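> What follows is a predicted structure for the sequence shown.
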Amino acid sequence: MTPFRPRRTSPADGTCRSPDPAEALPAATVTVYPDGPLLLRGDAEIRLPSGEVLAAPGRTVALCRCGRSALPPFCDGTHKAGGFRAPLPTPQSPADPS
């Protein structure tokens with residue numbers, strides 16, 4: 001898998017705009033891969049803690065779960081060499097946040 005190269009977007013003045021509810025993004029899905037990344041499919045905004053937006057609309061991106069990626073928050077396959085192991089989450093009802 002070729003790692004996703006993020007494209008950072010922000011207005012010319014360097015600030016980030018607040019999301020506008022009228023510009024709601026279509027649904028996206030996240031698939032958990034055993035001992036691997038989270039695969040995000042669909043249009044979604046991925047934001048850094050700084051508020052900067054990493055644009056990945058309409059793309060499928062692999063998000064790192066092992067914490068060893070050289071391209072965080074994206075997966076670069078490092079989990080394979082590092083022997084990353086993670087239990088699969090237990091399915092929950094949407095009404096049960098616990």
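Here it is on my side, so go on. Residues are numbered from 1 along each chain as shown.
> Residue 68 and residue 82 touch, don't they?
Yes: look at residue 68 against residue 82 with CB atoms under 8 Å: they come within range, at 5.3 Å. C-betas here are computed from N, CA, C, even on glycine.
> When the two are compared, which one has more neighbours?
Set residue 68 next to residue 82 and count neighbours by other CB atoms under 10 Å: residue 68 wins out with 15 against 11.
> separation between the residue nearest to the more buried one when sequence neighbours are not counted and residue 48?
Ranked by CB to CB, 6 or more residues apart in numbering and with sequence neighbours excluded, the top spatial neighbour of residue 68 is residue 78, at 4.3 Å. Relative to residue 48, residue 78 is positioned 20 Å away (criterion: CB to CB, to the nearest Å).
> what's the neighbour count on residue 75?
For residue 75, using other CB under 10 Å, the count is 25.
> typo on my end, it should be residue 71
15.
> so what pLDDT did it get?
Looking at residue 71, its pLDDT reads 91.
> For it, name its beta-bridge partners.
Beta bridges link residue 71 to residue 74 when assigned by DSSP bridges.
> Just to be sure, residue 81 is in a strand?
No: under DSSP: H, G, I helix; E, B strand; the rest coil, residue 81 sits outside any strand and is assigned helix.
> so where is this structure shaky, pLDDT-wise?
For the chain, the stretches with pLDDT under 70 are 1-26, 55-57, 88, 93-98.
> how about the helices in the protein?
With DSSP state H, the ranges of helices along the chain come out as 78-82.
> What segments of it are strands?
Along the chain, counting by DSSP state E, strands occupy 7-9, 28-32, 38-42, 45-47, 53-55, 60-63.
> what's the most buried one of the ones you listed?
Most buried of those by mean neighbour count (mean count of other CB atoms under 10 Å) is strand 60-63; its value is a mean of 18.
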